[in-house]
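Chemist: What follows is a predicted protein model with its sequence.
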Amino acid sequence: MTELKNVKGVGPKALSLLNKINIYTIEDLVTHYPFRYDVLERGDLTKTEDQGHIIIDGKIESVPILMRFKAGLNKMNFRLVTQSGVVGVSIFNRAFLKNQLQVGTGVTVIGKYDKKKNVITASEIKLETLSNKVKIEPVYHSTSGLTNKSIATYINMALLFYGKEIPDYIPEEYIKKYNFLNKKTALNIIHNPSTIEKLKEVTIRLKYEELFAFMFKMNYLKYENKKNNKGVKHNIDKEKLNKFITSIPFELTKDQKTAVDDVINDLESSCRMNRLLQGDVGSGKTIVSFIAMYASYLSGYQSALMAPTEILAVQHYNNLKQLLKDKKVSVELLTGSTIKKEKQRIYQELKDGKIDMIIGTHALIQEEVEYSNLGLVITDEQHRFGVNQRENLQNKGIKPDILYMSATPIPRTYALTIYGDMDMSIIKERPKGRQPIKTYVKSNNEIKDVLQMMLDELKQNHQVYVIAPLIEDSENESIVTVYNLKDQMMLAFGKKYKIDIIHGKMASGAKDLIMQEFVQGSIQILISTTVIEVGVDVANATTMVIFDANRFGLSTLHQLRGRVGRGSDASQCILISDSDTKRLEIMKEVDDGFVISEEDFKLRGHGDLFGTKQSGDMEFKIANPRDDYKILLQAKKDSEKYLLKEINNNENMIKEKLVSSIIHS
């Protein structure tokens, strides 16, 4: 395709400014869509508000007067006769129009009306009468030194001379099926809309194209992974596996059984597993991973489970050791705090194949770690690891099967896009014996009631979490911090109960030590930020109190709530807020994390679901999976059908026809 620098008007300075807003190619330029439109209707001076935008027709009544200033600025003034009266017109830096603006000439003036001075400061003067009753002006994201008008000019020049070079990612059959306009026409309309109706029509077309290309890419990647990514084929002794499952001291839920079947089928396949296991908080996804590890062991392969924190890795290790206490299976723990001598032993035994299962933190991916025959890799809370960390562990085996686990429910719209190249299993049901968590919304005026509710639980020898949005004081003194809360809790409970704090700025060793004390029951009240959002199970913790709950997303509140209710005792979550209580009421009514995540998705969008924007998050120029869900589903369906047809017709043609366009789009 022609280079961006060849577009008329784009010199070195303009090129540099365009690069600043991520425009490097002509395709980038013409798909730099307006983020909004200013709709200006033909006005009446008597009905236009002060400083309001106006489009008005009239005839020039006076000879334009041109005034020149220093630095090359100039201003032209004249009077305009309109149907609603005479008005003064001023326009800057249009000296070249002076000879055309003769007395009696009919013009259309577009600008801002100063009612007190009865003057329009014009942004545009057209020498012909506009045919439409409205003018729709696109507004673009820009940068200092690059005006909205300049961007519009560059885009229109690029479309005029190179519009036919812009690739269209919608196959011809779908263009005909949905009666879509061609790509060049659609781009011309979206940058120069004449009517709202036409704008809506091409917007749908361009959104569909973007979502079709994305979903085709996801489907293609999934197809390629299954076709070319030959993995470890596990030959599993089903009799021994079933015996192990029945020995588990509780019955699996229906969702857990389905997830186990999905994983076992993947392990037995010669294709490399690439599966995401989503479990709502407290749904018991970890037991599924343990069953997968045992299945891998039965087929003669090693397995590795990587957890995001040392204390969570220790919990997994202890639980797995307990499950396998009657089995001759070698299970080891490897973390940053493992002593050097012990590490060296583990390194050697992993390499020699003497260790069957290893659980740890990022220590599992250190350069020194070598495996004998790694067949299964599991990452817990996968979104907390970087892509490179996950890949480092995956690459430790020949081509091990991969199971990702997440306790953060993801809306279907989000999952279809960000995890579109993975298979997915979902666990919603809670294990039997777990009671629902009662949720309350309280104001700060009801703090005495909250303290009494906490005391009632403490008297029963239960433990309490208390959450604050901040660690230390900020400019906004009204937001509570962990240190504020420690002072308050010490006044209320300090004489009888041990209280401590934990937050993200503490050293990991200090955090683990405090968390371990809470697990053991020597700390009764733990004050924290969201650092405990995903953590160890403390069955004795029955109360979660969240201050300034309005400052958290619904998904985060649900994750925090899930820290209690881990045992058989009744548990409660208390949300304290003086504002946004209507939104918080959702938490009282709904305990399904997937439903809550959909509500959060509607309220906040995908970029903020986890508190911070995720690395590798999808970026769309015009489509929005939240708002364009119906288009997304149709694009997904069409892209799957089209890929299947191309594979059946001529597999070799896919790369020639599609990879260079859709796959690389």
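Modeler: Thanks, I have it. Numbers count the residues shown, from 1 in each chain.
Chemist: The one helix or strand residue 543 maps to: how far from the chain's middle?
Modeler: Per DSSP states H and E, residue 543 falls inside strand 541-546. Computed by Cα atoms, centre = their mean, to the nearest Å, the chain-centroid distance of strand 541-546 equals 28 Å.
Chemist: Which other helices and strands does the helix or strand that it is followed by contact?
Modeler: On the C-terminal side of strand 541-546, the closest following helix or strand by DSSP H and E is helix 554-561. Helices and strands touching helix 554-561, as assessed by 3 or more Cβ pairs under 8 Å, 6 or more residues apart in numbering; DSSP states H and E, comprise strand 541-546, strand 571-576, helix 581-589, helix 593-604. Using the backbone N, CA and C atoms, a C-beta is placed for each residue, glycine as well.
Chemist: Please convert those to a markdown table, extending it with mean neighbour count.
Modeler: As requested, the helices and strands packed on helix 554-561 are arranged in a markdown table below (neighbours: other Cβ atoms under 10 Å):
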| stretch | mean neighbour count |
| --- | --- |
| strand 541-546 | 24 |
| strand 571-576 | 24 |
| helix 581-589 | 15 |
| helix 593-604 | 20 |
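Chemist: picking that back up, now do the strand holding residue 543: which elements does it pack against?
Modeler: helix 447-459, strand 463-467, helix 554-561, strand 571-576.
Chemist: if we compare the ones you listed, which one ends up closest to residue 640?
Modeler: Closest approach to residue 640 among the helices and strands packed on strand 541-546 (Cβ to Cβ): helix 554-561, 28.6 Å.
Chemist: what angle separates the closest one from strand 541-546?
Modeler: 150 degrees (axes from the mean of the first three to the mean of the last three Cα atoms, to 10 degrees).
Chemist: Name the residues that touch helix 554-561?
Modeler: With Cβ atoms under 8 Å, 6 or more residues apart in numbering as the test, helix 554-561 has contacts from 281, 407-409, 437, 439, 465, 467, 530, 532-534, 544, 546, 549, 552, 573, 575, 583-584, 586-587, 591, 593, 596-597, 599-600, 603, 609-611.
Chemist: Just give me how far it sits from the chain centre.
Modeler: With Cα atoms, centre = their mean, you get 16 Å for helix 554-561.
Chemist: how much does that helix deviate in direction from strand 463-467?
Modeler: Using the same axes, to 10 degrees: helix 554-561 against strand 463-467 is 150 degrees.
Chemist: tell me which residues of helix 554-561 are tucked away?
Modeler: For helix 554-561, the neighbour count (16 or more other Cβ atoms under 10 Å) marks 554, 555, 556, 557, 558, 559, 560, 561 as buried.
Chemist: Run the angle between it and helix 581-589 for me.
Modeler: Using the same axes, to 10 degrees: helix 554-561 against helix 581-589 is 50 degrees.
Chemist: Use 10 as the first number from now on
Modeler: Sure thing, new numbering starts at 10, so read that last one as helix 563-570.
Chemist: pretty sure residue 300 is in contact with residue 256, am I right?
Modeler: No - here residue 300 does not reach residue 256: they are 11.0 Å apart, not a contact under Cβ atoms under 8 Å.
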